[in-house]
Structure formats: C-alpha cells, structure tokens
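Trainee: predicted model and sequence below, questions to follow.
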Amino acid sequence: MHRSVRYFIAVALIATAGCNSASTNPETELLLGHYASLTGSEATFGQSTENGIQLAVEEINAAGGVDGKQVKVITYDDKGESREAGAAVTRLVSRDGVKAVIGEVASSLSLAAAPICQEAGVPMVSPSSTNPKVTKIGDKIFRVCWTDLFQGVVCAKFARESEKIKADTAAIFYDQSSAYAVGLQEEFEKAFVTLGGKVITKQTYQAGDQDFSAQLTAIRAANPQVVFVPGYYTDVGAIAIQARKLGLSVPLLGGDGWDSSKLGEIGGEAIDGCFYSNHYSHEDPNPKVQDFLKKYQAKFGEIPDGLAALGYDAAIILCQAIDRAESTDGAKIATELAATKGYDGVTGNISIDADRNAVKPAVILEMKAGTPHYVTTIQPEEN
Ligand code: PHE
C-alpha cells in the first residue's frame with residue numbers, strides 16, 4: 001500500500017515535469033531549474049527558497065518576462081541528500097533542457113551538483129551556499145551571498161567584541177558531515193584567535209544525531225564563555241535543549257544555518273538569548289526589505305526568512321542577466337552574471353566579484369521568545 005502510493009507520486013511528478021518540458025515553447029518561454037530540500041530535516045531551506053523564487057518570477061512575468069519570454073521554473077525535491085541533488089540537476093540539464101539552475105542552499109549539496117552544471121555549460125546560481133569551494137568548481141557557478149571566509153570573521157568579531165558576549169574563551173561544536181559546518185568552524189577559529197580569543201575545546205557530531213550529552217558534558221567541563229555551533233536548525237534546536245538540561249548556560253552562537261522559523265519551535269526557551277549571523281533581517285527599515293516583507297506575507301502568510309529573501313534576489317539577478325545577454329547561451333548568461341554590479345537587493349547591495357561571489361554585509365540576530373531579532377550589522381572589510 002505504502003509502496004504503491006509512493007510509486008504513484010513519483011510517476012505523477014515525472015509526468016508533470018515531462019509535460020512541462022514537452023509543452024515548453026522556447027520562443028515564448030524561458031525554462032529555469034531549481035533543486036531544493038522541499039522535504040527532509042532541512043525542509044524549510046528549500047520551501048522558503050522556492051517561495052522567494054516564485055514571488056520573483058510572478059513579478060518578472062507580470063512585468064513582461066525576460067527578453068519577451070515568460071519564465072517557467074521546474075523544481076525538484078532533493079530531500080537534502082547529495083545523491084538526490086545530483087540526480088535532480090542531471091534531470092534538469094539533460095532531460096528538461098533548462099537554461100540555468102538555481103540551488104542549492106546547503107553547501108554539501110551545491111558541491112555535489114555544481115560539477116554537473118559546469119560540465120553541461122549551464123550556469124548555476126546558489127542563493128545561499130556559503131562554503132568557499134562552491135564557486136571554485138568553475139566559471140559557470142555563481143552565488144548571490146557572501147562566503148564563510150567572511151561569515152567566520154563576523155561571528156568571531158561578535159563573540160569577541162559585542163557587549164552581549166565579550167568572550168575570551170570559546171568552545172566549538174560542529175557537524176563533521178557538513179562541508180558548511182566544517183569550513184565555517186575553521187574560519188571562526190582562525191578569526192577568534194587572531195582577535196586574541198582562545199578556543200578551549202572542539203567537539204563534533206553528525207547531522208541527525210539525537211544524543212549530544214557526551215560532547216556537551218565535555219564542553220561544560222571546559223567552561224567556555226560562548227559555544228560556537230555552526231550547524232543546521234534541526235540539530236541546533238536539539239543541542240540547545242540538551243545543553244540547557246546539562247546546565248550549560250552560556251550563549252550559543254551560530255551561522256546562517258540556524259535560519260528557520262522551526263528553530264524557535266524546536267529549541268523553545270532553550271534557544272532564547274542565543275545569536276546567529278544571517279543575510280538579512282525582516283526588521284530592517286530599508287523600504288526594499290519592507291516592501292518584500294509585505295508582498296511575501298500577503299502571498300504566503302508568514303514572515304520570510306533569509307532563504308526566502310536570497311531565493312528572491314537570486315531569481316531576479318539571474319533573470320536580469322539573461323535579459324541583458326539577449327540569449328540563452330550558457331557562456332553568454334555567465335558573462336552577464338559576472339557583470340552584476342550594484343544590484344539593490346533585499347539582502348543588500350549585490351556585486352559579483354571576480355570569484356563569482358557576492359560581497360555584502362551580514363547581520364547578527366538574537367533569538368527572543370522563539371523569534372529572531374536584529375542586533376547589529378557587520379560590514380565586509382574594505383580592501
Ligand atoms: N550557508 C549554508 C550552507 O552553505 C546554508 C544556509 C544559508 C542556511 C542561509 C540557512 C540560511 O550550507
């Protein structure tokens with residue numbers, strides 16, 4: 001019974017997708033792909049990004065589309081798994097014939113699928129993968145967010161210098177199966193030490209672990225002033241609860257991977273008074289942000305997280321590049337993506353640098369009564 005239901009869903013999805021591509025008229029429609037974790041333990045990452053993309057595409061189409069064509073997005077659920085991400089992107093570029101791909105959120109998944117886009121000459125824009133290695137895969141791979149070289153510094157500066165923490169000592173507790181967490185904790189450690197702080201213990205876990213008590217007990221014994229936990233929200237919520245139960249009461253500090261409306265639901269009171277760095281705050285009075293917030297809330301009935309904002313910016317930047325290219329040739333689209341300068345996005349002013357990354361500020365948010373609130377903005381270093 002279970003099996004046949006699943007089979008039916010799989011067939012139905014393929015049929016819809018097949019129908020999409022077969023019914024696409026390249027003269028009047030521009031086909032784009034999106035691969036995302038619509039289900040699985042990071043499901044809000046994919047869902048929010050998809051919502052942001054849909055909102056952007058709706059606006060672009062209402063304003064006449066791209067180069068006179070209506071934009072159509074085929075989205076596949078990769079369930080937050082590398083193998084599924086690879087299969088989804090293979091399907092998008094070789095069967096559906098999309099002209100560009102948006103995705104993924106999680107760096108491990110972008111790293112798994114980007115080589116397929118690069119090989120096929122189809123540009124890929126990650127809205128939110130921050131691991132430095134992602135865009136190094138090749139000249140067709142872009143992102144509209146900053147990298148963890150910056151995010152590590154942001155978190156270290158906040159931990160060392162903010163009145164709210166002012167830590168001399170830190171513990172690090174990270175997911176060793178995530179490219180994102182492994183990279184970010186390294187950058188945090190380097191920056192924290194450069195700023196005169198000391199990392200007194202490092203502990204690891206694996207995404208999906210349920211019991212963190214051994215590592216948290218070791219951290220409590222080391223008695224740090226802050227614990228850096230650069231993981232994804234589902235694990236972080238559980239870690240916060242167990243840390244508080246064990247009497248570890250210092251603030252937890254994380255990166256953008258915490259960003260989900262589920263963080264407060266899972267972590268409850270345990271996550272209050274904890275901080276994370278992010279790409280935007282919905283409390284930013286900037287009219288661009290407030291306008292997006294209003295439109296998003298009207299359409300989806302919820303406050304957009306950073307992923308929704310990044311999905312929105314990524315879709316617009318990609319569509320504008322294709323419009324300027326006046327072509328769906330992958331090399332020409334890539335040239336125009338690389339030429340993106342000073343785009344005034346919801347997540348800040350976006351210029352793509354020579355390494356195909358965006359340079360822009362980060363914000364620090366504090367969890368209060370289960371929701372994130374703006375604390376401060378940290379600017380990229382001038383160079
Ligand atoms: N930066 C994370 C990664 O690279 C993904 C992420 C971005 C998660 C923004 C939440 C918000 O894996």
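Mentor: Sure thing, it's come through. Residues are numbered from 1 along each chain as shown.
Trainee: what sits against the most centrally placed residue in the chain?
Mentor: By Cα atoms, centre = their mean, the chain has its centre lying nearest to residue 128, at 3.2 Å. Shown in contact with residue 128 (Cβ atoms under 8 Å, 6 or more residues apart in numbering): 45, 49, 105, 143, 145, 256, 279, 306, 307, 310, 311. Backbone N, C-alpha and C define where each C-beta goes, glycine included.
Trainee: quick check: the farthest pair among those residues?
Mentor: Across those, the longest distance by Cβ to Cβ is 14.7 Å; it joins 45 and 143.
Trainee: name the residues of stretch 29-44 that are buried.
Mentor: For stretch 29-44, burial by neighbour count (16 or more other Cβ atoms under 10 Å) applies to 30-38, 41-44.
Trainee: pLDDT check: weakest of the residues you listed?
Mentor: Lowest pLDDT of the buried residues of stretch 29-44: residue 41, 93.
Trainee: element containing that one, please.
Mentor: Using DSSP states H and E, residue 41 sits within no helix or strand.
Trainee: name the nearest residue to it, ignoring sequence neighbours.
Mentor: residue 234 (4.5 Å; Cβ to Cβ, 6 or more residues apart in numbering).
Trainee: wait, that neighbour sits on residue 43?
Mentor: No - look at residue 234 against residue 43 with Cβ atoms under 8 Å: they stay out of range, at 9.1 Å.
Trainee: tell me how many other residues surround residue 213.
Mentor: 11 (other Cβ atoms under 10 Å).
Trainee: doesn't residue 246 make contact with it?
Mentor: Yes - counting by Cβ under 8 Å, residue 246 is a contact partner of residue 213 at 6.5 Å.
Trainee: of residue 45 and residue 143, who's got more company?
Mentor: Ranked by neighbour count (other Cβ under 10 Å), residue 45 and residue 143 place residue 45 first, with 29 against 25.
Trainee: list the contacts for the more buried one?
Mentor: Per Cβ under 8 Å, 6+ apart, neighbours of residue 45: 36, 37, 80, 105, 106, 128, 232, 260, 307.
Trainee: near the ligand, which of the residues you listed show up?
Mentor: Applying Cβ under 6 Å from any ligand atom, the subset of the contacts of residue 45 adjacent to the ligand comprises 105, 106, 128, 307.
Trainee: now, which of those lie within helices?
Mentor: Under the assignment DSSP state H, the ones next to the ligand among the contacts of residue 45 contribute residue 307 to helices.
Trainee: any chance of the ones next to the ligand among the contacts of residue 45 in TSV with pLDDT as columns?
Mentor: Below are the ones next to the ligand among the contacts of residue 45 laid out as TSV (pLDDT from 0 to 100):
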residue	pLDDT
105	98
106	98
128	98
307	98
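Trainee: may I ask which two of the ones next to the ligand among the contacts of residue 45 are separated the most?
Mentor: Top of the distance list for those (Cβ to Cβ): 106 and 307, 10.7 Å.
Trainee: what does the stretch 151-300 of the chain put close to the ligand?
Mentor: Near the ligand, when you scan the stretch 151-300 of the chain using Cβ under 6 Å from any ligand atom, you find 180, 256, 257, 259.
Trainee: and those, which are buried?
Mentor: Applying 16+ other Cβ under 10 Å to those flags 180, 256, 257, 259 as buried.
Trainee: could you find which two of the buried residues of stretch 29-44 are furthest from each other?
Mentor: Among the buried residues of stretch 29-44, 30 and 41 lie farthest apart (Cβ to Cβ), at 32.9 Å.
Trainee: kindly export stretch 60-77 (C-alpha atoms) in PDB.
Mentor: Extracted in PDB, the C-alpha atoms of stretch 60-77 (Å, rounded to 0.1, in the frame of the first residue of the first chain):
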ATOM      1  CA  ILE A  60       9.000  39.300 -13.600                       C
ATOM      2  CA  ASN A  61       6.300  37.700 -15.700                       C
ATOM      3  CA  ALA A  62       3.800  40.300 -14.800                       C
ATOM      4  CA  ALA A  63       6.300  42.900 -16.000                       C
ATOM      5  CA  GLY A  64       6.600  41.200 -19.400                       C
ATOM      6  CA  GLY A  65       9.100  38.400 -18.600                       C
ATOM      7  CA  VAL A  66      12.700  38.000 -19.800                       C
ATOM      8  CA  ASP A  67      13.600  39.100 -23.200                       C
ATOM      9  CA  GLY A  68       9.900  38.900 -24.000                       C
ATOM     10  CA  LYS A  69       9.600  35.300 -22.700                       C
ATOM     11  CA  GLN A  70       7.600  34.100 -19.700                       C
ATOM     12  CA  VAL A  71       9.700  32.400 -17.100                       C
ATOM     13  CA  LYS A  72       8.900  28.900 -16.100                       C
ATOM     14  CA  VAL A  73      10.700  27.100 -13.200                       C
ATOM     15  CA  ILE A  74      10.900  23.400 -12.800                       C
ATOM     16  CA  THR A  75      11.600  22.500  -9.200                       C
ATOM     17  CA  TYR A  76      12.700  19.100  -7.900                       C
ATOM     18  CA  ASP A  77      12.900  18.000  -4.300                       C
END
